[in-house]
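S.K.: Fold the following, please.
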Amino acid sequence: MLRFTKSLTALAVGLQLLGCGEETNFTNVDRSVALPTNSQDLIAAPQYLLNFKAGSLETADITIDTGFNLIQQSFALRQEPKTEDIHQQNDRVIHEDIFMQGHKGISSEQTFSIAEAGIFDLLIVIDDSSSMVPYQKRIGARLPSLLKHITNTNWRIAVVTTSSPCLNKTTDGRTYLTRADFDKDPTAAAADFMAMINVGEFGLTVERGILRATQAMTASGCASESNVWLRPDSQRSVLLVTDEKNCGSASNEDCIGDPDHSANYFFDRVGTNVTFNAFLLLQDPPAANASDPNDPNHDCENSGSYSNFYPTAYITMVQGTNGLYADVCRSDYDTILEQISLNVSKKINLQYELAFPAEAEFTSIKIDGKPVSRFTASGKTVSILDPVSSSNSVITIKYKHSPVPMKKAFGPKSPVDSKTFEVLVDGKALNKADYQYNPANGELELKNLPPERAEIKMRYRHDSPLLTSFAYGKDVVPGSLEVLVNGGAVQNYRIDESQKRVIFTEAPQDGLPVRLRYERPGDRTTRYEVQGAFPEQIENFKLLDAASDEIIEARIEAGQLVLPEAMVSEGRKVKALYNLNYEFKDRVFSAKIGQTPYPGTVKVEANGQAELCTKDLAVKAEEISFSCLDEDFEKVNLSYQYAKDYRNSFDLDLSYSGPRSIAVYVNGVETQDYHLIDDQVVILKKFLPPGSDVKILVKPL
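M.R.: Below is the predicted model of the structure:
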């Protein structure tokens with residue numbers, strides 16, 4: 001309202017407001033936030049972001065309708081920024097496990113001469129009973145004859161006795177003689193062979209040739225040492241040298257009733273594919289003249305005396321395997337051994353022993369550069385089934401060996417939260433649809449088999465609980481609480497008002513900030529000074545929304561407009577229209593003001609002219625007065641700026657009183673120009689213009 005007056009007051013009244021020597025009264029705004037007390041919540045103890053305004057530099061707009069005695073006051077409604085509690089979700093340890101995929105084998109290539117063909121294992125069973133020394137010496141000296149037709153094979157020779165299935169040893173402790181030994185030093189190999197054969201004649205008198213041959217060919221019966229010597233898929237043969245029949249030849253010697261009494265014991269356990277050859281005593285008594293030193297068979301005189309003349313079981317074994325047998329009491333062993341060698345050689349397949357067991361699926365063979373279509377690969381042995389001519393020279397075998405099993409399932413090495421898996425194969429991330437966790441066996445199962453030797457990298461969070469409950473401050477206006485995770489609003493929560501907590505249905509992800517924003521009682525300013533009109537001169541009034549002209553319920557109380565809280569929102573522009581019971585006269589006006597104008601901000605215009613109504617302009621404690629040069633106008637516009645609720649002291653009103661750090665920001669820029677005095681942050685006025693946004697971040701330590 002305007003009051004007619006003739007007095008003028010200097011504008012200097014407003015200079016006190018921001019002076020350095022004057023103390024200004026400040027209003028504290030409650031920003032207290034309860035600190036969680038249980039151990040789990042302390043892990044996510046909130047940071048407190050306190051928002052303040054250093055008052056505001058507001059504009060008062062007053063319009064005087066000189067014809068209708070009407071005053072219009074325009075202003076904006078005010079609401080404090082929402083309080084914000086900042087929590088941090090637990091940031092669990094990230095594990096990274098690396099696995100290497102297996103492979104189908106290491107690629108190798110070997111070449112062989114066609115002349116070097118066949119893998120052959122020969123067992124010699126030598127009788128070690130009395131009268132056998134002459135025969136042992138004859139056999140022991142004839143290794144070349146035995147090898148005559150198998151020199152091009154990869155042969156191996158082992159020796160056992162009719163008393164024991166344990167392999168006899170060379171002088172340096174080897175349990176068999178090999179082609180490599182012979183090629184390295186034929187003389188030494190011959191000596192080793194003789195040492196293995198010359199076992200003496202102090203063995204058991206019941207010579208169990210069938211049993212010992214069977215045991216040696218099945219790697220059994222030798223308790224003191226291993227007699228595993230046979231190679232997988234090798235061609236095999238047995239040579240028995242004895243002057244007795246199976247289980248002895250005396251009338252009191254036999255093994256009738258024992259499983260090894262007949263040839264079937266050998267056939268059932270070893271088979272008929274192993275050729276059985278033998279030097280046997282076929283004459284009783286031997287046809288030898290012991291008194292004639294020139295009789296080459298004179299050493300046979302101690303043999304003989306079959307009670308049941310013929311070594312039938314041994315002969316059955318020879319015939320059942322298409323072998324050869326001859327009289328042990330003969331001077332010419334060479335011919336028979338060469339025949340045995342020839343007979344055996346005809347049965348040896350074209351075979352080659354590889355350095356490593358081959359994977360048949362990944363084996364290819366060429367003879368002189370041409371592919372071989374038919375072959376078998378078993379372990380280290382490769383057998384050629386295609387025909388090979390004498391003109392062929394080189395065989396090349398490419399194969400894979402030592403495969404490592406390939407798999408699609410991998411077990412994490414640490415406790416895992418299965419929802420956090422990230423899987424990379426050779427550095428490329430898989431889609432989540434390409435794998436799944438199987439809780440039954442604790443393995444991550446991939447949809448597709450990773451390629452050979454691929455690196456499988458598995459990242460995941462440690463299996464420990466995430467927080468689902470977060471505390472907020474007291475005295476929250478119902479319905480005002482907002483929940484933001486990582487800056488985005490969410491709805492997957494409920495509010496426990498009794499405990500003052502927000503409880504998520506699904507925990508926020510690791511390390512994400514959780515912000516709780518809410519309005520506190522008193523944040524909305526509901527009382528505003530009546531500007532322009534003196535209360536006693538107001539006949540009636542109405543308050544309108546400036547944009548829509550919607551009437552806002554309000555009342556005047558003690559010189560102030562009082563609004564319902566629901567009508568107040570930050571920055572909402574309104575206008576109050578006051579009908580006066582007072583008439584302006586003589587072009588002299590007086591307008592009520594509730595605040596001291598900021599220096600230099602008072603403006604008076606009439607019909608758009610600034611100089612028309614500035615005569616006698618005066619600013620007093622409660623009014624601005626002026627007069628106009630004429631009356632040729634309908635409205636006078638009066639405006640000025642004033643500092644509203646300015647303060648530079650801010651209470652840290654928190655229930656938490658422990659160790660903490662504080663950061664202060666003015667209009668978004670951190671400042672060090674403040675003092676902390678008894679839980680109050682005080683900023684010098686010269687560093688804090690009216691209207692500044694003040695944010696104080698309190699972090700519990």
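S.K.: Show the residue spans covered by the helices in the chain.
M.R.: Taking DSSP state H to define them, one finds helices in the chain at 39-43, 133-140, 143-147, 179-184, 186-197, 209-217, 264-269, 312-320, 333-347.
S.K.: Out of the ones you listed, the one nearest residue 448 is which?
M.R.: Distances from residue 448 to each of these were compared using C-beta to C-beta; the shortest belongs to helix 39-43, at 39.9 Å. Yep, even glycine has a C-beta here, placed from its N, CA and C like the rest.
S.K.: Average pLDDT for the closest one, rounded please.
M.R.: What helix 39-43 shows for mean pLDDT is 37.
S.K.: One more: stretch 297-306?
M.R.: Averaged over stretch 297-306, pLDDT sits at 69.
S.K.: Nearest to residue 443, out of the helices of the chain?
M.R.: helix 39-43 (30.9 Å).
S.K.: circling back: take the helices of the chain and write them to a markdown table, including mean neighbour count and distance to residue 223.
M.R.: Output for the helices of the chain, formatted as a markdown table (neighbours: other C-beta atoms under 10 Å; distance: least, C-beta to C-beta, whole Å):
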| stretch | mean neighbour count | distance to residue 223 |
| --- | --- | --- |
| helix 39-43 | 12 | 66 |
| helix 133-140 | 20 | 25 |
| helix 143-147 | 20 | 30 |
| helix 179-184 | 15 | 27 |
| helix 186-197 | 18 | 21 |
| helix 209-217 | 26 | 11 |
| helix 264-269 | 18 | 18 |
| helix 312-320 | 19 | 26 |
| helix 333-347 | 18 | 31 |
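S.K.: Indicate which one of the ones you listed is closest to residue 86.
M.R.: Of all those, helix 39-43 sits nearest to residue 86, with 14.1 Å by C-beta to C-beta.
S.K.: follow-up on the earlier one: select, out of the helices of the chain, the one closest to residue 90.
M.R.: Counting by C-beta to C-beta, residue 90 lies closest to helix 39-43 out of these; the figure is 6.1 Å.
S.K.: where does the stretch 551-700 of the chain dip in pLDDT?
M.R.: Low-confidence segments of the stretch 551-700 of the chain, defined by pLDDT under 70, are located at 585-586, 655-656.
S.K.: Return the residues in contact with the closest residue to residue 385 other than its chain neighbours.
M.R.: Spatial nearest neighbour of residue 385, chain neighbours left out: residue 374 (3.8 Å); criterion: C-beta to C-beta, 6 or more residues apart in numbering. Under the criterion of C-beta atoms under 8 Å, 6 or more residues apart in numbering, the contact partners of residue 374 comprise 384-386.
S.K.: do the same with residue 509
M.R.: Contact criterion C-beta under 8 Å, 6+ apart gives 89, 466, 485-486 as the residues in contact with residue 509.
S.K.: What residues are bridge-paired with the residue nearest to residue 452 when sequence neighbours are not counted?
M.R.: The shortest distance from residue 452 to any non-neighbouring residue, by C-beta to C-beta, 6+ apart, is to residue 103 (4.1 Å). Beta bridges link residue 103 to residue 404, judged by DSSP bridges.
S.K.: contacting residues for residue 103?
M.R.: 403-404, 406, 452-453.
S.K.: and if we set it to 7 Å?
M.R.: Listed by C-beta atoms under 7 Å, 6 or more residues apart in numbering, the contact set of residue 103 reads 403-404, 452-453.
S.K.: most surrounded residue in the residues you listed?
M.R.: Each of the contacts of residue 103 was scored by neighbours using other C-beta atoms under 10 Å; the highest score is residue 403's, at 16 neighbours.
S.K.: That residue and residue 695, how far apart?
M.R.: Residue 403 sits 65 Å away from residue 695, going by C-beta to C-beta, to the nearest Å.
S.K.: quick one on the thing from earlier: I'd like the contacts of residue 509 as JSON lines, with neighbour count, pLDDT and distance to residue 500 appended.
M.R.: Output for the contacts of residue 509, formatted as JSON lines (neighbours: other C-beta atoms under 10 Å; pLDDT from 0 to 100; distance: C-beta to C-beta, whole Å):
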{"residue": "89", "neighbour count": "22", "pLDDT": "94", "distance to residue 500": "19"}
{"residue": "466", "neighbour count": "18", "pLDDT": "95", "distance to residue 500": "20"}
{"residue": "485", "neighbour count": "19", "pLDDT": "97", "distance to residue 500": "19"}
{"residue": "486", "neighbour count": "13", "pLDDT": "95", "distance to residue 500": "23"}
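S.K.: measure the residue nearest the centre of the chain to residue 510 for me?
M.R.: When C-alpha atoms, centre = their mean is applied to the chain, the residue found nearest the centroid is residue 458 (2.1 Å). According to C-beta to C-beta, residue 458 and residue 510 sit 17 Å apart.
S.K.: do residue 167 as well
M.R.: 65 Å.
S.K.: who's more crowded, those two?
M.R.: A count of neighbours by other C-beta under 10 Å puts residue 167 above the other of residue 167 and residue 510, at 21 against 17.
S.K.: Check the more buried one and give its pLDDT.
M.R.: According to the model, residue 167 carries a pLDDT of 93.
S.K.: right, and residue 658 touches residue 699 too?
M.R.: No. With the criterion set as C-beta atoms under 7 Å, residue 658 and residue 699 do not qualify as a contacting pair; they are 11.1 Å apart.
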